[in-house]
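Peer 1: What follows is a predicted structure for the sequence shown.
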Amino acid sequence: MERTLIILKPDCVQRGLCGAVLERFERRGFQIAAMKMMRLSRRLLEEHYAHLKGKPFFESLVEFMSSSPVVVAIIEGKDAVEIVRKMCGATNARNAENGTIRGDFALSTQCNIIHASDSKETAKKEIERFFKEDEIFSYERLLGKFTYSKDERE
């Protein structure tokens, strides 16, 4: 199964929406392989957002992302990277479709509830950045046979 990383941003935590957001992934059939609450350091944020360094909004992004604890999780399932990104909606939440996480819960580009890895390669790097191997769990869900057909589980 494929894994991807999500970060429930400070606005999600402060607005008490973590449960509602995580529930969407579980209801869809995805499995949570790891999850923790943490406060992101400047060093970690500079590494995570290195591709945005030099952009005019970089400092406000680092300030925002370190303003409150966040919830970091690994979501697991078939085509997890692509489907989770679709579930999140457009980065600018004002452009996000109704029914997506951002479309239903946000109105901002920065305060847009959630970060999700944008590719399989990025997901691998981000998972390694935020989780130690012993913090990630593999387990068979009892309802797995009702989420995927037999040939999809193999």
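Peer 2: Received it, and whenever you're ready, just let me know what you need. Numbering: from 1, shown residues only.
Peer 1: Using PDB, write down the CA coordinates of the lowest-mean-pLDDT helix or strand in the chain.
Peer 2: Ranked by mean pLDDT, DSSP states H and E, the weakest helix or strand in the chain is helix 150-153, scoring a mean of 82. Presented in PDB, the C-alpha positions along helix 150-153 are these (Å, rounded to 0.1, in the frame of the first residue of the first chain):
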ATOM      1  CA  LYS A 150      -9.300  -9.400  -3.000                       C
ATOM      2  CA  ASP A 151      -7.100  -8.700  -6.100                       C
ATOM      3  CA  GLU A 152      -6.600  -5.100  -4.900                       C
ATOM      4  CA  ARG A 153      -5.300  -6.300  -1.500                       C
END
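Peer 1: Residues in contact with it: which ones?
Peer 2: 78, 144, 145 (C-beta atoms under 8 Å, 6 or more residues apart in numbering). All C-beta spots, glycine's among them, are computed from the backbone N, C-alpha and C.
Peer 1: again, 10 Å this time
Peer 2: 1, 78, 140, 144, 145, 147 (C-beta atoms under 10 Å, 6 or more residues apart in numbering).
Peer 1: was I right about the first one contacting residue 83?
Peer 2: No. Contact between residue 1 and residue 83 fails when scored by C-beta atoms under 10 Å: they sit 11.9 Å apart.
Peer 1: who's more crowded, these two?
Peer 2: When neighbours are counted by other C-beta atoms under 10 Å, residue 1 and residue 83 differ, and residue 83 comes out ahead with 19 against 15.
Peer 1: re the thing from before, now the contacts of helix 150-153 as TSV including secondary structure, distance to residue 58 and pLDDT?
Peer 2: Listed next are the contacts of helix 150-153 as TSV, based on DSSP: H, G, I helix; E, B strand; the rest coil; distance: C-beta to C-beta, whole Å; pLDDT from 0 to 100:
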residue	secondary structure	distance to residue 58	pLDDT
1	coil	34	90
78	coil	35	95
140	coil	42	86
144	helix	41	74
145	helix	46	78
147	coil	39	83
